[in-house]
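[1] Compute the structure for the input listed below.
(one chain, ligands or ions: 2)
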Amino acid sequence: METLVSSWYIGEPTMPEKYAWPPGVRPGNQRDAPVSKALPIIDLSKADGPGREDVIHQIIQASQEFGFFQVINHGVSTLHDAMGMCKEFFEMPIEDRKSVYSTDINQAVRLYTSGFNYETEDYHYWRDILRLPATPLEEYLPFWPPKPAQFRDIVGEFSQETKKLGSKLLELISEGLGLKPDYFGGKRSEWQMVIVNRYPPCPEPKLALGTHKHSDPNLLSILYQGDVYGLQFFKDGECYGIEPILDAFVINIAWQLQIISNGKLISSEHRAVTNPTKPRTTFGLFIAPSKDCVIGPAEELVTATSPPRYKTDTYSSFSDTFAALHGTTEEVEEAFKYVSQ
Ligand SMILES: O=C(O)CCC(=O)C(=O)O
Ligand SMILES: [Fe+2]
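    Numbering: from 1, shown residues only. Ligands and ions are numbered 1, 2, ... in the order given. Presented below is the predicted three-dimensional model:
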């Protein structure tokens, strides 16, 4: 428990050495990178009426160009209550969070700090993290935090609502790609996990990182970042902030969507920076295929003029390689590129 930043940091003006990332990786002046005004904020309520085609067009454009977009009128009614629960969880005394804390990387429901394996890291992230598997929800819910008293009810309901939002987005994406509407149903989106990130105020935000530059290995990530700046993405070597919007979700195209779309949609690199004065709490639903699901470029998208760019393999094999690689987009591309027989 003593490793959790939210348990030991009491406002000193400096950080332990292991939180200062080396030059080139640390954010420096890019900590304050301006928000991208080009990233669209898409009104999802229009997808149910005559504006559907336009919504699909905006989603596909943004997924091709940025790998990110925001959505409003998304239908998740528990959003603000769930944020309240997540903040309350991290503000409770340590004793009340003990039951979910673990250093065992194999424990499914888990509160821990920094990266997946604190012991083996050269540098630490200024972040605590709560992982809450949600498939099937009834099976995992008894292991979710017992406090605050309404946590399981509200965050559980949030996971169900966000799952529906995910299905809706995947349906719009499949329509936009020219795939059948239920292409992403079943095993391709079977596994879901709620992740809550807590970035306490940081005394040296130009040196620290909430998470390093990475792309998400799963299918689709639906993230809520509240009203505190901190999420940044990279495009053509430039760094941009993603505007925190109180009622919007940030949608991130993850690697499996890049592979299925044969590279049409992109999984962009992004990171989280810290804030000097405000704690930042973010949470969301990470949707992935089941482990045994076979993923590759959709047959409908592979043609003579658009040959396969990626190989076909199980999600389990993909995620193992991805985790071992811990690499840049170029390295991931290289590991998964199609090789003709
Ligand atoms: O908290 C954030 O702003 C980003 C988190 C993120 O990128 C992730 O959990 O994959
Ligand atoms: Fe991410």
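
[2] Any residue of stretch 76-87 touching ligand 1?
    No: residues of stretch 76-87 are not located near ligand 1 by C-beta under 6 Å from any ligand atom, the shortest gap being 11.6 Å. C-betas here are computed from N, CA, C, even on glycine.

[3] where along the stretch 101-250 of the chain do the helices fall?
    Secondary structure of the stretch 101-250 of the chain (DSSP state H, counting those that start in this stretch): helices at 137-140, 151-177.

[4] pLDDT of the shortest one, averaged?
    Going back to what we said before, that points to helix 137-140. Confidence over helix 137-140 (mean pLDDT, whole number) is 97.

[5] So what touches that helix?
    Residues from elsewhere that reach helix 137-140 (C-beta atoms under 8 Å, 6 or more residues apart in numbering): 108, 109, 132, 133, 134, 156, 159, 160.

[6] Most neighbours among these, which one is it?
    Counting neighbours by other C-beta atoms under 10 Å, residue 132 leads the contacts of helix 137-140 with 27 neighbours.

[7] Residue 141: neighbour count?
    With other C-beta under 10 Å as criterion, residue 141 counts 17.

[8] repeat for the one 3 residues further on
    Applying the criterion other C-beta under 10 Å, we find 20 residues in the vicinity of residue 144.

[9] how about the nearest residue to it, chain neighbours excluded?
    Excluding its sequence neighbours, the residue lying closest to residue 144 (C-beta to C-beta, 6 or more residues apart in numbering) is residue 152, at 5.0 Å.

[10] And for residue 231?
    residue 242 (4.5 Å).

[11] List the contacts of that neighbour.
    Neighbouring residues of residue 242 by C-beta under 8 Å, 6+ apart: 35, 36, 39, 68, 70, 225, 231, 232, 233, 250, 270.

[12] confidence score at the last one?
    In this model, residue 270 is scored at 97, pLDDT.

[13] For the residue lying closest to residue 132 once chain neighbours are set aside, give its distance to residue 35.
    Leaving out its chain neighbours, the residue that sits closest to residue 132 by C-beta to C-beta, 6+ apart is residue 194, at 4.2 Å. Using C-beta to C-beta, to the nearest Å, we find residue 194 at a distance of 26 Å from residue 35.

[14] ranges for the strands of the stretch 101-250 of the chain?
    110-113, 128-133, 191-199, 211-214, 220-224, 231-235, 238-241, 249-253 (DSSP state E, counting those that start in this stretch).

[15] will you turn the ones you listed into CSV that also has mean pLDDT and distance to ligand 1?
    Formatted as CSV, those follow (pLDDT from 0 to 100; distance: least, C-beta to the nearest ligand atom, whole Å):
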stretch, mean pLDDT, distance to ligand 1
strand 110-113, 96, 13
strand 128-133, 98, 8
strand 191-199, 98, 4
strand 211-214, 95, 5
strand 220-224, 98, 6
strand 231-235, 97, 4
strand 238-241, 97, 10
strand 249-253, 98, 7
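
[16] Name all residues that make contact with the residue nearest to residue 100 when sequence neighbours are not counted.
    The spatially closest residue to residue 100, leaving aside those adjacent along the chain, is residue 111, at 4.4 Å (C-beta to C-beta, 6+ apart). Shown in contact with residue 111 (C-beta under 8 Å, 6+ apart): 4, 97, 100, 101, 102, 128, 129, 130, 131, 145.

[17] interface residues of the stretch 51-200 of the chain facing ligand 1?
    The stretch 51-200 of the chain comes close to ligand 1 at residues 195, 197, as judged by C-beta under 6 Å from any ligand atom.

[18] Residue 195 - how many residues pack around it?
    Residues within reach of residue 195, counting by other C-beta under 10 Å, total 16.

[19] Same check on residue 32?
    13.

[20] Quick check: it vs residue 3, distance?
    Distance, residue 32 to residue 3, by C-beta to C-beta: 29 Å.

[21] Now do the phi/psi pair for residue 62.
    Dihedral angles of residue 62 (phi, psi; degrees, to the nearest 10) stand at phi -70, psi -40.

[22] Test my guess that it contacts residue 40.
    Yes: with contact defined as C-beta atoms under 8 Å, residue 62 reaches residue 40; the gap is 5.0 Å.

[23] Which of the two has more residues huddled nearby?
    residue 62 (21 against 16).

[24] quick one, what contacts that one?
    39, 40, 42, 68, 69.

[25] Could you do residue 124 as well?
    Contacts of residue 124 (C-beta under 8 Å, 6+ apart): 18, 19, 113, 114, 115, 118.

[26] do residue 188 as well
    By C-beta under 8 Å, 6+ apart, the contact list for residue 188 reads 219, 256, 260, 289, 293, 295.

[27] Please identify the helix or strand for residue 268.
    Element membership for residue 268 (DSSP states H and E) is empty, with no helix or strand holding it.

[28] That one is in contact with residue 253, isn't it?
    Yes: taking C-beta under 8 Å as the definition, residue 268 is a contact partner of residue 253 at 7.3 Å.

[29] of residue 194 and residue 35, who's got more company?
    Neighbour count, other C-beta under 10 Å: between residue 194 and residue 35, residue 194 has more, with 25 against 15.
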